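Enquirer: Next input, structure requested:
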Amino acid sequence: MAFQISLKINGNGHDVELEDARPTLLDVLRERIGLTGTKKGCDRGQCGACTVLIDGRRVNSCLSLAVSLDGAEVTTVEGLSDGDTLHPVQAAFIENDGFQCGYCTPGQIMSAVGFLGETGGDASAEAVREGMSGNLCRCGAYAGIQDAVLDAQARMSKGGKT
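Expert: Numbering: from 1, shown residues only. Down below sits the predicted model:
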C-alpha cells in the first residue's frame, strides 16, 4: 500500500510517495530529499546524531515514521543558516571548538537550537549538560559543546535569531 505525504522541510514543500509505512524521516531526508546533513548514527534513537526539529521540537528522526508526519514542518541543519550567515548556534560551535570529528555535530547543533528554544535562553551550564545529554559525542568534545551552547544563548539574547 502506497502513501503520499507532504512535508515542509527548511521552508520548502516536498511531496513524497512512500511505498509502505516503514521509511523513517531520517531515510526520507537523506535518500529521497537529498539532505545528508542529518546523520545516521545508531539508528536506534540512542545517540542523537539524527536530531532534527519537527514543528519546533527536537526529535530523533531515526525513530519517526515519515508516514506519521504528513503536514509537519521539519528543520534540518541545512535550514539554519541564512545564506552565508550562520545561525548563532552554528557560529558558536565553530568558535568554541564544539566538535572534533564532526559526525555528531549536526545533531548536536539541532539539539542545541531546540534546547535554547525550550528554555527561552535562560539556561545554566548544568541545565545545558542535562538538556544536551541525549546527544552523544564519541570524541568527548562535551566541554566545547557546553561552551558553544552557552555562547549561542548569550548571542541570541542580544538579538540573534532563535
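Enquirer: okay, now residue 138: neighbour count?
Expert: 12 (other Cβ atoms under 10 Å). In short, each C-beta sits where N, CA and C put it, glycine included.
Enquirer: With residue 94 instead?
Expert: Neighbour count of residue 94, defined by other Cβ under 10 Å: 12.
Enquirer: Likewise for the one 3 residues further on?
Expert: By other Cβ under 10 Å, the residues close to residue 97 number 13.
Enquirer: Was I right to think it contacts residue 141?
Expert: Yes. Taking contacts as Cβ atoms under 8 Å, residue 97 lies within contact range of residue 141: 7.0 Å.
Enquirer: For residue 137, list the residues it contacts.
Expert: 99-100, 104, 108, 145 (Cβ atoms under 8 Å, 6 or more residues apart in numbering).
Enquirer: Pull out the buried members of those residues.
Expert: 99, 104, 108, 145 (16 or more other Cβ atoms under 10 Å).
Enquirer: Cross these against helices and list the overlap.
Expert: 108, 145 (DSSP state H).
Enquirer: Which of the buried ones among the contacts of residue 137 sits closest to residue 62?
Expert: residue 104 (13.5 Å; Cβ to Cβ).
Enquirer: got a list of what the closest one touches?
Expert: Here residue 104 is in contact with 39, 41, 47-49, 135-139 (Cβ under 8 Å, 6+ apart).
Enquirer: What's the separation between it and residue 4?
Expert: 33 Å (Cβ to Cβ, to the nearest Å).
Enquirer: Pull up the distance across stretch 124-135, start to finish.
Expert: 18 Å (Cα to Cα, to the nearest Å).
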